[in-house]
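1. Sequence plus predicted model, see below.
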Amino acid sequence: MSTTIGIIWNPSKVDEAELRSAVEDTLSGEIRWWETSEEDPGRGMAQDAVDAGCRTVIAVGGDGTVRAVAEALAGADVSLGIVPRGTGNLLARNLEIPLDDIPAALERIAAHTARTIDLGWVDIEGVECAFAVMVGFGVDAQMLVETDDDLKERAGWLAYVEAMGRALGGTEMTGISLALDDEDPVDVRAHTMLIGNCGMLQGGIRLLPDAQLDDGRLDLLLVSSDGALQWMDTVRSVVWDNGIRRLFDREPVAVSTDSTDHLTAERIRVELETPLEFEIDGEEIGEVSAFTVRVQPGALTVL
């Protein structure tokens, strides 16, 4: 069996000399290198690596690089390795891959312990893109990812209240037609919808507490907070009911509240009354008015 390893690296996220030195010290076999570009964050390079016979393809970069490489590897008999070098590194966090430590991440890959995970796909106007973490609109994961670290150290979970307060000014309620799997669509109103393959963010906050990378389903969070009291209800739901308390109470399912709904499905169809800015794994792609999301079970083998 070929031992060729392909490395797809983002030059804006890692020093080439440091990466090459760590690879030489850790990995064996033939190593082939591809550098990402602004025009192609990694999908084309990953496909080239597959076509070249690489049995393992390593993504070195942030969530955008990982997503692009994963999209090319979906369904292929090729293993994905991850060396996280971004800001969020959300898939790596959910897989407990070492952060900010290139040798440690490479050693994890060299151990060759494999895990099969799902991949999500979102279709917008006939164009389908993969996602490894989550997609959606409104006050999304970035609100929590970007919570002030100093405040978090001093004030604990209250820092997330401050983050949500900052985000409140930019939210607007809109009408949504929502259909899960083969069910008839229902009309709801909300300002935030997140659909995820995994749910843990920085700081250990689980925005989608039931989401599992290998359960063959996607989890959905719908937020309809309107006013200070409902925002406090949302904060309590995210940080306390589905976070801290759940660690001790072992609640079997995520807790919904007056301002938050937790749902799960294999396919989700959404039509928006008002076009809204949309994100795929943290990357803004512009306004959308309709989209369909599906899960591809067991799409990736990750080392």
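-> Everything's here; your move. Predicted, not measured: the structure shown is a model, and the values here were computed from it.

2. so where's this structure shaky on pLDDT?
-> 1-2, 139-171, 201-205, 225-259 (pLDDT under 70).

3. what are the ranges of the strands in it?
-> Secondary structure of the chain by DSSP state E: the strands cover 5-9, 31-35, 56-61, 79-84, 115-124, 127-131, 134-137, 174-180, 186-190, 192-196, 218-223, 260-265, 267-280, 283-302.

4. Report the inter-axis angle for the last one versus strand 192-196.
-> Spelled out, it's strand 283-302. Here strand 283-302 points in a direction 20 degrees away from that of strand 192-196 (axes from the mean of the first three to the mean of the last three C-alpha atoms, to 10 degrees).

5. ok, the nearest residue to Gly216 once chain neighbours are set aside - contacts?
-> Once flanking residues are discounted, Gly216 sits nearest to Pro297: 3.9 Å by C-beta to C-beta, 6 or more residues apart in numbering. Yep, even glycine has a C-beta here, placed from its N, CA and C like the rest. Listed by C-beta atoms under 8 Å, 6 or more residues apart in numbering, the contact set of Pro297 reads 118, 214, 216.

6. Select from those the one having the most neighbours.
-> Asp118 (23 neighbours; other C-beta atoms under 10 Å).

7. Pull the contacting residues for that one.
-> Contacts of Asp118 (C-beta under 8 Å, 6+ apart): 197, 213-216, 295-300.

8. can you list those in a markdown table and add distance to Gly286?
-> What follows is the contacts of Asp118, written out as a markdown table (distance: C-beta to C-beta, whole Å):
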| residue | distance to Gly286 |
| --- | --- |
| Asn197 | 22 |
| Leu213 | 28 |
| Asp214 | 31 |
| Asp215 | 30 |
| Gly216 | 30 |
| Val295 | 24 |
| Gln296 | 24 |
| Pro297 | 29 |
| Gly298 | 31 |
| Ala299 | 26 |
| Leu300 | 27 |
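
9. out of the strands of the chain, deepest packed?
-> strand 56-61 (a mean of 28; mean count of other C-beta atoms under 10 Å).

10. if I look at the closest residue to Asp214 other than its chain neighbours, how far off is Gly81?
-> Leaving aside its chain neighbours, Asp214 sits nearest to Ile117 (5.3 Å; criterion: C-beta to C-beta, 6+ apart). Ile117 is 13 Å from Gly81, where distance means C-beta to C-beta, to the nearest Å.

11. so what's in contact with those two at the same time?
-> Contacts common to Ile117 and Gly81, judged by C-beta under 8 Å, 6+ apart, are Val302.
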